[in-house]
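> Can you look at this prediction? I've put the sequence above it.
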2 protein chains.
Amino acid sequence: MMIGLIGCGTVGRGLLELLTEKSTVLARKYNFKPTIVAISDPKVGSIYSKEGLDVKEILSLLEKDGNIKNYRGVVTGWDSIKTIKESNADTIVEATSTNLETGEPGLTFIRTALKNGKNVATTNKGPIALAYRELRNLALSNECELRFEGSVLAGTPVINLFQSTLRGIEIKEVRGILNGTTNYILTKMESGMSYKEALKEAKEKGYAEAKSDVDVKGWDAVAKIIIIANVLMEGNVNIIEVERRGIDSISEEEFQRALKDNKHWKLIARAKRVDGKIKASVVPEALPDHDLLSKITGVTNAINFKTDVLGDVTISGPGAGRRETGFALLSDLIDINSRKEGKCQP
Amino acid sequence: MMIGLIGCGTVGRGLLELLTEKSTVLARKYNFKPTIVAISDPKVGSIYSKEGLDVKEILSLLEKDGNIKNYRGVVTGWDSIKTIKESNADTIVEATSTNLETGEPGLTFIRTALKNGKNVATTNKGPIALAYRELRNLALSNECELRFEGSVLAGTPVINLFQSTLRGIEIKEVRGILNGTTNYILTKMESGMSYKEALKEAKEKGYAEAKSDVDVKGWDAVAKIIIIANVLMEGNVNIIEVERRGIDSISEEEFQRALKDNKHWKLIARAKRVDGKIKASVVPEALPDHDLLSKITGVTNAINFKTDVLGDVTISGPGAGRRETGFALLSDLIDINSRKEGKCQP
């Protein structure tokens, strides 16, 4: 597998670290020996070598200089589109930052890759939330793979949980804590912090962005529940159809009343089939203490699926993080590789 | 895919039901159109047709007569070994009952199938707990698949969760509620029932066998933690090395004290790497209320995995049931089929 990495920020670097650290075990257990042939990032720099790049050298440059502009002896300066089209990469890792309004620039990068018959693994919520059907059809007609485990709950299996291991099951309803930042804030508020203090601490710890609306007003969770609804429940939900209320809508009085009643406020994303159509929402709810989701604290995420054959299945795990999200890409890449080989498991 | 079904009890019937009910969606979404060519069961009867059997007719006979002896126009009377060796099945579903001392008769059936180059999907804990390494090596050397999702937590993904979607991760420690019967009894005891009453009710509901020692003394959970340790943690744990204490060892006083302290008794199976070796145990523990596993009630099962990259990942779902376990076989079969085809996901 020849990989072109488009976007080399936190997540891209997480993937490069894991590929280096785990190279021996990946080769031994899964015959997975990928070559990184290109990296293109407007800030970090763009390099290309059809024989492959030295990932350890790249990580050391990123550590030292914060960029890869001093990597020598290769083609430099190709932009992302040229890298996707003209490099010998057969698989594009798209790890640019999320834009929930336009999906760009990731959307164009993914379209270009698929049209050129290249597999895509992405962690970018925007393109998948906004254009899943178009992209899936592009992948099918070009006989290549489109993978996006990392768009929901980082490396905690959600998309692949159903597309690889629970195939044939029908999801009736989904209920989840899909945003770690807001869950961290709510957990801190339970231990006595004010909303403002908790938000400030979340920002200091790097969980919340300076512009925290994407998290606290529920937009991030909206993107994720759309992906779950459209991919795993065959829905066709549009971002404007999702009922949305942020955690900033919970009053101090409501919060205190829940505490007294031994209930726990959580930002709950839901998707449910109603009259043949999927209805999705992201709304804070005070959950009773016996509800498994009420015990999910801090930045941890969790999803409860109501299914036809298995009844309730719940998974919890990290929802963000450099290596946690980089791992989502890694697991997608290993699976693309082994499916192409038609190999037995493991 | 041509399937031979060895053992047609509860679980085998669950699989046949799902194959019938879901045939349209399985064909459409996964190009999965299996043919059942043989069924062999000493009680239910043995039939074989290389062109394929009529599954609806079989289910109706099972419903009406409790056996398939009136199925007409096919070869009858082949025993399981002859069926495995001489039928045109390329894949054997082994769903005979579990024996934790010898693994038989399943162990011989699985060995025979693999030696004859036939894929195996089984729900049988015995052969996997007792002889995983031998069977895995047989599968590898004969280039066929050995799948056993249903040996742990029925259709709730555990084995395939790691072998398909979390490949490349390292499990540091496992902690789980792996037996539904004991968890049901402990849940009932929390609501005021005595151990004896709760056990009686579990038997009445069909959760516990008449001989309930396999559950209450922890043997069932021992088999499952061995499978997890040996398959997912590359251990080599033997059944006699596992520390084991049943729920019948909890005194009334201990139980009441936990209730007062807001703790919850659970039968906890553990596996952990200690000095390069896996140490496994099945012991009742009183878990604090904030522990996710303390909220797992009734017959539901759950496992918490401590991993290198993702930290804590927890999955919960059903641990038993006709259709729930039949679904484990179905998911294994779909994956065997799509890997053999080398097809893109989904």
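Sure thing, it's come through.

> Show me the residue at the heart of chain A, geometrically.
Computing the C-alpha centroid of chain A and ranking residues by CA atoms, centre = their mean puts A:Ser151 first, at 2.1 Å.

> That one touches A:Val120, doesn't it?
No: at 11.7 Å, A:Ser151 does not count as touching A:Val120 under the criterion of CB atoms under 8 Å. The way it works is simple: take the backbone N, C-alpha and C, and place the C-beta from them, glycine included.

> Got phi/psi on A:Val75?
Listed backbone geometry of A:Val75 is phi -70, psi 130, with angles given as degrees, to the nearest 10.

> which residues does it contact?
Neighbour list for A:Val75: A:Ile47, A:Tyr48, A:Ser49 [criterion: CB atoms under 8 Å, 6 or more residues apart in numbering or on different chains].

> do that again at 10 Å, thanks
Contacts for A:Val75 (CB atoms under 10 Å, 6 or more residues apart in numbering or on different chains) come out as A:Ala38, A:Ser46, A:Ile47, A:Tyr48, A:Ser49, A:Lys50, A:Lys82, A:Thr83, A:Glu86, A:Ser87.

> Mind putting those into CSV with pLDDT and distance to B:Ser191?
Listed next are these as CSV, based on pLDDT from 0 to 100; distance: CB to CB, whole Å:
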residue, pLDDT, distance to B:Ser191
A:Ala38, 98, 61
A:Ser46, 98, 64
A:Ile47, 98, 64
A:Tyr48, 98, 65
A:Ser49, 98, 66
A:Lys50, 96, 67
A:Lys82, 98, 66
A:Thr83, 98, 62
A:Glu86, 98, 67
A:Ser87, 98, 63
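
> how about the helices in chain A?
In chain order, chain A shows helices spanning A:10-21, A:23-30, A:55-65, A:80-86, A:106-115, A:125-141, A:159-160, A:180-190, A:195-204, A:213-216, A:219-227, A:252-260, A:322-341, with DSSP state H as the criterion.

> near chain B, which residues of the stretch 51-200 of chain A show up?
Proximity of the stretch 51-200 of chain A to chain B (CB under 10 Å from any CB of the partner chain) is limited to residues A:119, A:136, A:139-140, A:143-147, A:149, A:153-170.

> out of the helices of chain A, nearest to A:Ala95?
Ranking the helices of chain A by distance to A:Ala95, with CB to CB as the measure, places helix A:10-21 first at 4.3 Å.

> and the residue of chain A most remote from its centre, how far is that from A:Arg244?
Farthest-out residue of chain A from its mean C-alpha position, per CA atoms, centre = their mean: A:Lys260, at 35.6 Å. Remark: distance between A:Lys260 and A:Arg244 (CB to CB, to the nearest Å) = 27 Å.

> now A:Thr314
A:Thr314 sits 23 Å away from A:Arg244, going by CB to CB.

> try A:Tyr195
In this structure, A:Tyr195 and A:Arg244 are 18 Å apart, going by CB to CB.

> ok, for A:Pro213, nearest residue in space, not its chain neighbours?
To be clear, residue A:213 is Asp; Pro isn't right here. Spatially, and ignoring its direct neighbours in sequence, A:Asp213 is nearest to A:Trp219 (6.9 Å; CB to CB, 6 or more residues apart in numbering or on different chains).

> how many neighbours does the one you found have?
Here the count is done by other CB atoms under 10 Å in any protein chain shown, and A:Trp219 has 21 residues near it.

> you'd agree it is up against A:Glu209?
No: look at A:Trp219 against A:Glu209 with CB atoms under 10 Å: they stay out of range, at 11.3 Å.

> Export only the CA atoms of stretch A:318-335, formatted as PDB.
What follows is stretch A:318-335, C-alpha atoms only, in PDB (Å, rounded to 0.1, in the frame of the first residue of the first chain):
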ATOM      1  CA  PRO A 318     -12.200   7.800  23.800                       C
ATOM      2  CA  GLY A 319     -13.800  10.300  21.400                       C
ATOM      3  CA  ALA A 320     -10.800  12.300  20.600                       C
ATOM      4  CA  GLY A 321      -7.000  12.600  20.900                       C
ATOM      5  CA  ARG A 322      -4.000  12.500  18.500                       C
ATOM      6  CA  ARG A 323      -3.200   8.800  18.800                       C
ATOM      7  CA  GLU A 324      -6.700   7.700  19.400                       C
ATOM      8  CA  THR A 325      -7.900   9.300  16.200                       C
ATOM      9  CA  GLY A 326      -4.700   8.400  14.300                       C
ATOM     10  CA  PHE A 327      -5.500   4.800  15.300                       C
ATOM     11  CA  ALA A 328      -8.900   5.000  13.500                       C
ATOM     12  CA  LEU A 329      -7.000   5.700  10.300                       C
ATOM     13  CA  LEU A 330      -4.600   2.900  11.000                       C
ATOM     14  CA  SER A 331      -7.500   0.400  11.500                       C
ATOM     15  CA  ASP A 332      -9.100   1.500   8.300                       C
ATOM     16  CA  LEU A 333      -5.900   1.100   6.400                       C
ATOM     17  CA  ILE A 334      -5.200  -2.400   7.800                       C
ATOM     18  CA  ASP A 335      -8.600  -3.500   6.700                       C
END
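
> residue contacts, A:Leu18?
Taking CB under 10 Å, 6+ apart, one finds A:26, A:155, A:322-323, A:326-327, A:329-331, B:168-169, B:308-309 in contact with A:Leu18.

> Highest neighbour count among those?
For the contacts of A:Leu18, counting by other CB under 10 Å, the largest number of neighbours falls to A:Gly155: 34 neighbours.

> Would you agree that residue is in contact with A:Arg323?
Yes: under the criterion of CB under 10 Å, A:Gly155 makes contact with A:Arg323 at 8.1 Å.

> so what sits against both of the two?
Counting by CB under 10 Å, 6+ apart, the shared contacts of A:Gly155 and A:Arg323 are A:Gly14, A:Leu18, A:Leu330, B:Val309, B:Leu310.

> Switch these over to TSV; also include pLDDT.
Output for the shared contacts of A:Gly155 and A:Arg323, formatted as TSV (pLDDT from 0 to 100):
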residue	pLDDT
A:Gly14	97
A:Leu18	98
A:Leu330	98
B:Val309	97
B:Leu310	97
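
> Now do the strands in the stretch 151-300 of chain A.
A:171-177, A:243-244, A:263-274, A:277-288, A:300-307 (DSSP state E, counting those that start in this stretch).

> what mean pLDDT does the second one have?
Here strand A:243-244 scores 98 as its mean pLDDT.

> With stretch A:133-140 instead?
For stretch A:133-140, the mean per-residue pLDDT is 96.

> And it, how far out from the chain middle?
Relative to its parent chain, stretch A:133-140 has a centroid offset of 18 Å by CA atoms, centre = their mean, to the nearest Å.

> and what of stretch A:168-183?
Relative to the centre of its chain, stretch A:168-183 is centred 13 Å away, using CA atoms, centre = their mean.

> for stretch A:146-155, same thing?
Centre to centre, stretch against its chain (CA atoms, centre = their mean), the figure for stretch A:146-155 is 4 Å.

> What is the neighbour count of A:Val74?
Using other CB under 10 Å as the criterion, A:Val74 is surrounded by 18 other residues.

> For burial, what's the neighbour tally of the spatially closest residue to it that is not a sequence neighbour?
With CB to CB, 6+ apart as the criterion, A:Val74 has its nearest non-adjacent residue at 4.2 Å, and that residue is A:Ser49. Other residues near A:Ser49 come to 17 when the count uses other CB under 10 Å.

> One more: the one 4 residues further on?
By the measure other CB under 10 Å, the count of residues near A:Leu53 is 21.

> List the contacts of it.
A:Leu53 makes contacts with A:Ile3, A:Leu5, A:Leu16, A:Thr35, A:Ile36, A:Val37, A:Ala38, A:Ile39, A:Ile47, A:Ile68, A:Tyr71, A:Val74, as judged by CB under 10 Å, 6+ apart.
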